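Student: fold the stuff below for me.
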Amino acid sequence: MQLGAFSVSLVVKDIKVSKAFYEKFGFSVFGGDMEQNWLIMKNGDVVIGLFQGMFERNMMTFNPGWDQNCNTLDSFTDARDLQRKLKVKGVEFKQEADESTTGPASFMVIDPDGNPILIDQHV
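Tutor: Okay, the predicted model is just below:
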C-alpha cells in the first residue's frame, strides 16, 4: 500500500516559539504560512508540520501523490482507493473522503492507542 510522503504534524502553542526551537535542530521552513499559524519544516528528508489552533492532537500524516519534497509522483495510490482497501480490512474512520470525487481528498483514522493518522492527498 503506497501511502505517499510521511510527516509528523505537531500541535503547538506558539508557532513562532516552536519554529525557533526546531531551527536549532537544523529544520528550515519548507512551506506553510506563518500568518495562518501553520508551517512545514524540513531537515533532510525528515518533514514536520507545526500547527497552532488547527488540530486537537499530534498526528502522523501521509500525502499520497507526493514525494518528501512535495513533488507530484507519476503514479500513486489515490486516497479514495486507500480508503476502500482499509474499509475492506475493517478499519473504522473518524472522517471519510468522498469516494465519488477525484483530485484532492483526505480521510482520518485513529489507531488503537488513540493516535490520529491523516491521509491528505493534495493532487
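Student: how about the contacts made by Q121?
Tutor: Residues near Q121 by Cβ atoms under 8 Å, 6 or more residues apart in numbering: G4, N63, P64, G65, D78, A79, P104, A105, S106. For the C-beta atoms, the positions are set from N, CA and C on the backbone; glycine is no exception.
Student: bridged to it, which residues?
Tutor: A105 (DSSP bridges).
Student: and it, how far from G103?
Tutor: 8 Å (Cβ to Cβ, to the nearest Å).
Student: isn't G26 right up against M41?
Tutor: No. Using Cβ atoms under 8 Å, G26 is not in contact with M41, being 9.7 Å away.
Student: ok, the two, which is more surrounded?
Tutor: M41 (23 against 11; other Cβ atoms under 10 Å).
Student: pretty sure the more buried one sits in a helix.
Tutor: No. Under DSSP: H, G, I helix; E, B strand; the rest coil, M41 falls outside any helix and is assigned strand.
Student: show me what it is bridged to.
Tutor: Residues in beta-bridge contact with M41 (DSSP bridges): V29, I48.
Student: out of the contacts of Q121, which are buried?
Tutor: The neighbour count (16 or more other Cβ atoms under 10 Å) marks G4, N63, P64, G65, D78, A79, A105, S106 as buried among these.
Student: okay, and which of the residues you listed map to helices?
Tutor: Residues of the buried ones among the contacts of Q121 located in helices (DSSP state H): A79.
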